[in-house]
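Visitor: take a look and give me a structure for this.
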Amino acid sequence: MSSKNMANNRKVLISNLPQDTTSNEIIQELFESQNFKYSNINFDGSSAIVTLANINEAKRAAKLINGQLFKGTRIFVSEAPPPQTLTPSSSGSPLVLVGNLSFDFTEGQFKDLMSPHGEIKNVFLVRGKISKKSKGYGFVEYKHKESANKAKEHFIKTDAKFVDGRIIRVQTVSPSLTVGEAKHSRTLFVDKLPKLFEDEEQLTNVFSSTGTVTFCKVARTKQGQPRGYALIDYSTVLEAERAQEQLDGTQIDDTNIRISFCTPGKTAQEIFGKFDDPNHRQLGGGLGRGQASVRPGMVGPRGPRIPNLMSGNGSPVMGGLGGRPGLPQP
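Guide: Numbers count the residues shown, from 1 in each chain. The predicted model follows:
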């Protein structure tokens, strides 16, 4: 393992910090009070990356501090992902990620949809490890990178991006995103929340019934009003799949919520932690199963979009929803 990777494995990402938080408070109340050995903190006002003395300390911090109340707010802590996961490179790639596809879409239909833009070497839909059902997104590898760019540009057009009533999200991505676990997301898009719903603790409790929730946040407008959807991270891909399978349609305050998969590339914690105003950036990708009836650039096929963080409508970004529409770009 390179020295760079070893250093990154010692880091934890802390998000959902109160606005009036200081670096000293983070260190003193969260780390020194529990005898953690650390060497550095990088704090941007809403999230922080803390470098611990070693990998074991980082894992211990992620386990013990995650979910704690800090200054009256529940914070989320996880091992910081490697830099290449945070900003996957797609420069010159012949590979595209397509989100917001119908769950009933077949590989044959998928290939027919994308083949007009160039010769295809490989095409596949990402399916659940448990259910084996489509997650509402897939990858297409073209023979030439020009074909990938052509496909992306084609689906930006208003008349072309609608397929089966869904707004298709297309973005070029790095081939590394298709390897092993990387092609699966542990982030869920939850929409159809009750009007003005904003109780993140209640939502966390509901989703904790199927696994360990490492992050939960309701999206808000600039004025602080809830937008009717939330993003939730689980500690593992299987936990996210179990939640989507078991909790989709769950009733919260007399309203049946809807759950979709986000496309891979970024977790909700990275999205909300990295940007000052994530609700105005595109998530990219889209959800797997639902239709989007939101302004251009929302998140997943199932519900409204989030800011430009993942993959999205116009110029998609990595980390969007699998089956729902993408988010608008900043």
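
Visitor: what about the strands in the stretch 151-300 of the chain?
Guide: Assigned strands in the stretch 151-300 of the chain, in chain order: 162-163, 166-167, 169-172, 187-191, 213-220, 226-234, 251-252, 255-256, 258-261, 282-284 (criterion: DSSP state E, counting those that start in this stretch).

Visitor: which of the ones you listed sits most buried?
Guide: Most buried of the strands of the stretch 151-300 of the chain, by mean neighbour count (mean count of other CB atoms under 10 Å): strand 282-284, with a mean of 38. Every C-beta, even on glycine, is put in place using the N, C-alpha and C of the backbone.

Visitor: give me the mean pLDDT for it.
Guide: Mean per-residue pLDDT for strand 282-284: 34.

Visitor: check stretch 111-121 too.
Guide: For stretch 111-121, the per-residue pLDDT averages 92.

Visitor: what does that stretch rub up against?
Guide: 94, 96, 98, 123, 140-144, 146-148, 150-151, 154, 163 (CB atoms under 8 Å, 6 or more residues apart in numbering).

Visitor: sorry, back to before: wait, which of the strands of the stretch 151-300 of the chain is closest to residue 24?
Guide: strand 213-220 (24.1 Å; CB to CB).

Visitor: could you give the angle of the closest one to strand 226-234?
Guide: Taking axes from the mean of the first three to the mean of the last three CA atoms, to 10 degrees, one finds strand 213-220 and strand 226-234 inclined to each other by 170 degrees.

Visitor: can I get stretch 32-41 in CSV? Just the C-alpha atoms.
Guide: Output of stretch 32-41 as CSV, limited to C-alpha atoms (Å, rounded to 0.1, in the frame of the first residue of the first chain):
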residue,chain,number,x,y,z
GLU,A,32,-9.5,14.3,23.2
SER,A,33,-12.4,13.6,25.6
GLN,A,34,-12.3,9.9,24.4
ASN,A,35,-8.5,9.7,24.3
PHE,A,36,-8.2,9.5,20.5
LYS,A,37,-4.7,10.1,19.1
TYR,A,38,-4.8,12.5,16.1
SER,A,39,-2.4,14.5,14.1
ASN,A,40,-4.5,17.0,12.0
ILE,A,41,-7.9,18.4,11.3
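
Visitor: pLDDT weak spots in this structure?
Guide: 1-8, 44-46, 81-92, 158-160, 273-330 (pLDDT under 70).

Visitor: mark out where each domain of it begins and ends.
Guide: 11-79, 95-178, 187-276 (the TED database).

Visitor: returning to what we had before: of the contacts of stretch 111-121 - the most surrounded one?
Guide: Counting neighbours by other CB atoms under 10 Å, residue 98 leads the contacts of stretch 111-121 with 30 neighbours.

Visitor: that residue is in what secondary structure piece?
Guide: strand 95-99 (DSSP states H and E).

Visitor: show the subsequent helix or strand relative to that strand.
Guide: For strand 95-99, the following helix or strand on the C-terminal side (DSSP H and E) is helix 107-114.

Visitor: got the buried residues for that following helix?
Guide: 110, 113-114 (16 or more other CB atoms under 10 Å).

Visitor: parallel or antiparallel, which strands does whatever helix or strand comes next after it pair with?
Guide: Sequence order places strand 120-127 as the next helix or strand after helix 107-114, per DSSP H and E. Strand pairing for strand 120-127, determined by DSSP bridges: strand 134-142 (antiparallel).
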